[in-house]
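> fold the stuff below for me.
(one chain, ligands or ions: 1)
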Amino acid sequence: AVAGDPAALLARRDSVFGGRTLSPLFYRKPLQVVRAEGAWIEGADGKRYLDAYNNVPVVGHAHPAVVQAIARQSAVLNVHSRYLHPHAIELAERLTASMPDGLDTCVFMNSGSEANDLAWRMARIVTGRSGAMAADLAYHGVSEATTAFSTNTYPPSARPAHVGTFEAPRVDADGRQPTEQDARQRVREGREQLQGHDVALLAVDSVFSSAGILTPTGEFMRGLQDEVHAAGGLFLADEVQAGFGRGGRHLWRFEDYGLTPDFVTLGKPMGNGHPVAALITRREIAEQFAGVDEFFSTFGGNPVSCVAANTVLDVIEESDLVARSGEVGAQLAAGLAELAPSIHPAARVRGQGLMVGVEIPDEAGVTAADLAERLRDLGVLVGTTGPGGQVLKIRPPLIWQTQHVEIFLKAFALL
Ligand code: PMP
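Just a heads-up that it's a prediction; the model follows:
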């Protein structure tokens, strides 16, 4: 049977995945899914769920153009990148053309972790330094190196000695917005960490997703970047989650802050679900690295992955999804700002574009996880993030329209 009995499936899963420690599931009663299209996921329970969580299907689940492109190319040729073939070249040309001058060199791989890992390897070789720096509660990947600077994966007491952290200015407990003075103070704290850790690479997730979805000012971000450069380190804009228009202003979120990164990493939505990722850097960095070390990814840059990513870029352009993310995201945030106080007067909405967080204060008498469960019962899928998981994470496919916002807000109003 396709659907099967969810309880039996769960028992089989637990017995082969080592329980749920290594492979957790959402929801107290896990959701068995069958198929998805556009902004909707169909459950084995026969219900349709509005997807308000998944950023990977950026142009919508099962987008026909992407599905057809993958199927067509699979039937023609799929092979590694050591033969000459146009798809990877076209993709690299499009990506580098979309970046600031100087970011002219592209490497393909299969996951955001691999892209960040390679940035780290390059940064150490180019700078001759050995330290890393990341935001408090950041997430950057699964490899040993990227786990070390994924500060949300271990308690502060377990932080490796070579890793320094910085904190972005955030709204404080009584709702006071951070001032420019707060931002300068945070940059100064960052400088101390940079000097204390011999930093080769400072990595920033441009949306601060696992830190709870923060929107620091350009002054803060540029201040941090200047400090890294002054200290002799390199700056990585991790756009694995933020990239491909989610912020609603530019294709890349770091552009909003006016940054000029040394590395940009891309992944997650890049193939709309097909695994494909990239590192973009400057030619001299790549050449210096290649003089000492080497890199080859078997699947990186294969024609099927690259045609998927090229088609995602086509759809984003043709459907004007960057602007749509900005417009629809603003409707969503405005609606939530009206409704959030009914959960608790101090419940706060933040974010930009279709990356919106609702912080549920501890005093609310309900957790963000409770609300996510209730929203699931109301037919809407969201996530949780941030310190203590107390931020509702709303990060839907960018094809959302006003009608999806209305459905979402109607459910939210019933919480
Ligand atoms: N960086 C960020 C900001 C991410 O959100 C993630 C994935 N959650 C990664 C890196 C790692 O990407 P992947 O899971 O594709 O290895």
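> report the buried residues of stretch 109-126.
Within stretch 109-126, the residues that count as buried by 16 or more other C-beta atoms under 10 Å are 109-126. All C-beta atoms are positioned from the backbone trio N, CA, C, and that covers glycine.
> oops, could you answer that again for stretch 342-352 instead?
Buried residues in stretch 342-352 (16+ other C-beta under 10 Å): 343, 344, 346, 347, 348, 349, 350, 351, 352.
> when you check the ligand, which of the buried residues of stretch 109-126 turn up near it?
111, 112, 113, 116 (C-beta under 6 Å from any ligand atom).
> let me see the contact set for residue 206.
237, 238, 239, 241, 242, 243, 247, 252, 253, 254, 256, 257 (C-beta atoms under 8 Å, 6 or more residues apart in numbering).
> one more pass at 7 Å, please.
Contact partners of residue 206, counting by C-beta atoms under 7 Å, 6 or more residues apart in numbering, are 237, 238, 239, 242, 253, 254.
> got the contact list for stretch 156-173?
By C-beta under 7 Å, 6+ apart, stretch 156-173 touches 130-136, 148-149, 151, 177-178, 182-183, 186, 189-190, 193-194, 196-197, 199, 208, 214, 216, 220, 224, 348.
> what's the mean pLDDT across that stretch?
Mean pLDDT, stretch 156-173: 91.
> next one: the residue lying closest to residue 261 once chain neighbours are set aside from the ligand, what distance?
Nearest non-adjacent residue to residue 261, counting by C-beta to C-beta, 6 or more residues apart in numbering: residue 237, 4.0 Å away. Distance of residue 237 to the ligand, given as C-beta to the nearest ligand atom, to the nearest Å: 10 Å.
> got the residues of the stretch 251-400 of the chain near the ligand?
So the stretch 251-400 of the chain meets the ligand at 267, 268 (C-beta under 6 Å from any ligand atom).
> switch to 5 Å and redo it
Taking C-beta under 5 Å from any ligand atom, the part of the stretch 251-400 of the chain that reaches the ligand is made up of residue 267.
> ok, back up a step: farthest-apart pair in the buried residues of stretch 342-352, please.
344 and 352 (22.7 Å; C-beta to C-beta).
> surely the residue nearest to residue 261 is in a helix?
No - assigned with DSSP: H, G, I helix; E, B strand; the rest coil, residue 237 falls outside any helix and is strand.
> among the buried residues of stretch 342-352, which lie within helices?
When the buried residues of stretch 342-352 are checked against helices (DSSP state H), there are no matches.
> now, among these, which is nearest to residue 29?
Among the buried residues of stretch 342-352, residue 343 lies closest to residue 29 (C-beta to C-beta), at 22.6 Å.
> ok, the nearest residue to that closest one once chain neighbours are set aside - contacts?
Nearest-residue entry for residue 343: residue 364, 5.9 Å, with adjacent residues in sequence omitted and distances by C-beta to C-beta, 6+ apart. If you count contacts by C-beta under 7 Å, 6+ apart, residue 364 has them with 343, 344, 347.
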